[in-house]
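Asks: Could you look at this predicted model? Sequence included:
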Amino acid sequence: MKILIINGPNLSMLGSREKEIYGEQTLADMNADIAGWCADHGIETEFFQSETEGEIIKAIHQVRTKYGADGIVLNAGAYTHYSYAIGDALPCVKVPKVEVHISNVHARDEFRHKSVLAASCDGVICGFGADSYKLACLAVKGILERKAK
Ligand code: DQA
């Protein structure tokens, strides 16, 4: 079972970006942490990051064809709150999808309370730092296992 973990704009700046909100880990450190935890739970991971909407859309389209993955964990960063194009890309691929956020977006600025992606995902996890991604991977695994029964 393989999951494609997609990170959007500014997540490449983890480790130096607003550390009081996003923590000290770099994206590479966080990805290594997630990959190790997932491997221990029988999940293979692949990571993709882009600052641009079109590249994220392309990665979603290619979840099976290029990445050979069975599910998507998506932190679209600020695109979460207004990208109808990413919202339209999600139903194009029939794999489980979970939206994640490092921070608790509901305890932050008003504009972060709205997601235009959540309705096209199986669920949303936010507020647990790198653990948000691990919980999301576990959720995708659960969906796939229930489907296989
Ligand atoms: C974020 C929350 C978004 O509101 C913000 O624009 C990000 C990161 C998070 O992981 O907490 O870039 O998605």
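Replies: Arrived safely, thanks for sending.
Asks: Write out the residues of the chain neighbouring the ligand.
Replies: Contact residues, the chain versus the ligand (CB under 6 Å from any ligand atom): 10, 75, 77-78, 80, 101-103, 105, 112. Placement of C-beta: from N, CA and C, glycine included.
Asks: which among the residues you listed gets closest to S50?
Replies: When the residues of the chain next to the ligand are compared for distance to S50 (CB to CB), G77 wins out at 10.0 Å.
Asks: mind checking the SS state of the spatially most central residue of the chain?
Replies: Of all residues in the chain, the one closest to the mean position by CA atoms, centre = their mean is L74, 2.1 Å from it. With DSSP: H, G, I helix; E, B strand; the rest coil as the basis, L74 sits in strand.
Asks: nearest spatial neighbour of it, skipping sequence neighbours?
Replies: Leaving aside its chain neighbours, L74 sits nearest to I6 (4.8 Å; criterion: CB to CB, 6 or more residues apart in numbering).
Asks: Dihedrals phi and psi, that neighbour?
Replies: According to degrees, to the nearest 10, the main-chain angles of I6 amount to phi -110, psi 130.
Asks: residues touching it, list them.
Replies: Neighbouring residues of I6 by CB atoms under 8 Å, 6 or more residues apart in numbering: 48-49, 56, 59-60, 72-76.
Asks: returning to that earlier point: and the residues of the chain next to the ligand, which are buried?
Replies: 75, 77, 80, 101-103, 105, 112 (16 or more other CB atoms under 10 Å).
Asks: those strands in the protein, which residues are they?
Replies: 2-7, 44-49, 71-75, 97-101, 123-126 (DSSP state E).
Asks: Pull up the pairing partners for the first one, direction included.
Replies: According to DSSP bridges, strand 2-7 has the following sheet partners: strand 44-49 (parallel), strand 71-75 (parallel).
Asks: Please identify the most buried of those strands.
Replies: Across the strands paired with strand 2-7, averaging neighbours per residue (mean count of other CB atoms under 10 Å) puts strand 71-75 on top, at a mean of 26.
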